[in-house]
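In: Here's a sequence, model it:
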Amino acid sequence: MKQKLIAVTMGDAAGIGPEIIVKTFADAAFIAGYPSFVIGDAGVLRRQAAALGLKLDIREVGSAAEVAPRPGVLDILHVHRADTLPVDLPLGVVSAAAGQAAFDAIRTAIELAVRGDIAGICTAPIHKEALAAARVPYPGHTEMLADLSGTRDYAMMLVNPTLRTILVTVHCSMLDAIAKLSIESELRIIRLAYRAMRDLGIERPRVAVAGLNPHAGEGGLFGREDLDIVAPAIRLAQKEGIDASGPWPGDTVFMNARRGRFDIVVAQYHDQGLIPVKLAGVEDGVNITVGLPFVRTSPDHGTAFDIAGKGIADPASLQVALQTAHQFVRSRANHSSTTGA
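Out: Model (predicted):
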């Protein structure tokens with residue numbers, strides 16, 4: 001691969017994805033350091049750039065090989081369909097057409113990444129209701145990325161400048177989350193956390209595992225899951241040479257990680273991990289799917305239908321996500337050359 005290209009998928013056209021994309025690519029100084037292109041609908045991006053008064057040449061390409069990143073130009077691989085998004089697509093409204101277009105872009109990006117045509121994917125926000133309206137059989141990015149790339153061992157990781165967390169369970173109810181916990185699932189995520197930190201260049205990652213119950217179960221007084229499931233998985237990870245510890249009380253483990261005691265926290269369920277990261281500010285948060293055969297990052301915010309079309313969306317999180325994607329690609333390449341992998 002001549003260039004370490006990252007493909008940015010457009011996301012839901014009725015949300016702020018197109019706006020933060022054109023704002024990012026119009027920033028010549030930023031995009032010069034992070035060669036990227038877009039997969040989506042060229043018409044949507046042209047209309048968005050015009051609405052914002054941006055001087056941005058949106059150039060359609062037929063393949064990743066034709067991409068030639070340069071200031072003032074946004075290369076886009078247009079996903080051609082008979083039902084291309086209409087000019088009058090309403091913004092801030094759930095649309096089956098927008099859901100289908102978002103999925104088509106993601107599917108195309110995955111195909112390119114699996115073939116090795118690109119180094120990774122940075123995904124603009126999608127809307128779960130729009131996906132459902134289009135009868136897309138996935139609840140979100142994580143599930144479709146894993147399934148369409150043939151990946152079985154994967155997880156969601158969230159990072160910002162002060163915290164990193166990875167989730168044992170993701171998009172499910174609390175009852176289902178508890179039911180899904182097992183020694184095997186815990187150990188799998190601990191391993192993925194360790195590998196992800198190694199990919200970032202941390203030679204001996206310190207992995208903290210949060211307990212499921214208050215005070216990590218208080219020795220069984222508040223439930224036995226931490227004693228019977230979490231702790232045994234930690235011991236198995238330690239036998240493999242992983243610097244894993246816990247289970248730590250969920251109300252203090254993130255504070256200690258922020259102070260530098262740990263490199264990453266294994267959280268047991270969605271909100272346990274995402275609340276501390278998002279409290280630090282979504283503008284610096286990045287969603288990463290680990291375990292895939294390619295790099296994937298995303299801004300840590302949604303489609304923001306309430307401000308779509310108003311021209312006030314902040315591209316900072318998308319830019320951080322692009323920076324992180326390139327950081328992972330470069331770190332992986334350095335790690336492979338050093339270890340001979």
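In: Is E186 in a helix, a strand, or coil?
Out: helix (DSSP: H, G, I helix; E, B strand; the rest coil).
In: show me the contacts for it.
Out: Counting by Cβ atoms under 8 Å, 6 or more residues apart in numbering, E186 touches 168, 209, 229-230, 233-234, 266. (Glycine included, C-beta is placed from N, CA and C.)
In: can you do 7 Å?
Out: Residues in contact with E186 (Cβ atoms under 7 Å, 6 or more residues apart in numbering) are 168, 229-230, 233.
In: Wait, H141 touches P125, no?
Out: No - contact criterion Cβ atoms under 7 Å: H141 and P125 do not qualify, at 9.1 Å.
In: Could you export the contacts of E186 as JSON lines, including pLDDT and neighbour count?
Out: Output for these, formatted as JSON lines (pLDDT from 0 to 100; neighbours: other Cβ atoms under 10 Å):
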{"residue": "V168", "pLDDT": "96", "neighbour count": "28"}
{"residue": "I229", "pLDDT": "97", "neighbour count": "20"}
{"residue": "V230", "pLDDT": "97", "neighbour count": "26"}
{"residue": "A233", "pLDDT": "98", "neighbour count": "26"}
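In: So which of those residues belong to helices?
Out: Among the contacts of E186, the members found in helices (DSSP state H) are A233.
In: Can I get the contacts of E186 in TSV including distance to R107?
Out: Shown next, in TSV, are the contacts of E186 (distance: Cβ to Cβ, whole Å):
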residue	distance to R107
V168	27
I229	36
V230	36
A233	34
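In: Go through the contacts of E186 and name the one nearest A196.
Out: Each of those was scored against A196 by Cβ to Cβ, and V168 proved nearest at 14.1 Å.
In: residues in contact with that closest one?
Out: 181, 185-186, 189, 266-268.
In: what's the most distant pair in these?
Out: Within those, S185 and A267 form the most distant pair, 12.7 Å apart (Cβ to Cβ).
In: Have a look at those two and say which one is more surrounded.
Out: A267 (29 against 16; other Cβ atoms under 10 Å).
In: quick one: contacts for that one?
Out: Going by Cβ under 7 Å, 6+ apart, the list of residues near A267 reads 165-168, 210, 273.
In: List the beta-bridge partners for it.
Out: L167 (DSSP bridges).
In: Same question for G120.
Out: Beta-bridge partners of G120, as defined by DSSP bridges: I6, V295.
In: doesn't I6 make contact with it?
Out: Yes - G120 lies in contact with I6 (Cβ under 7 Å); the separation is 5.0 Å.
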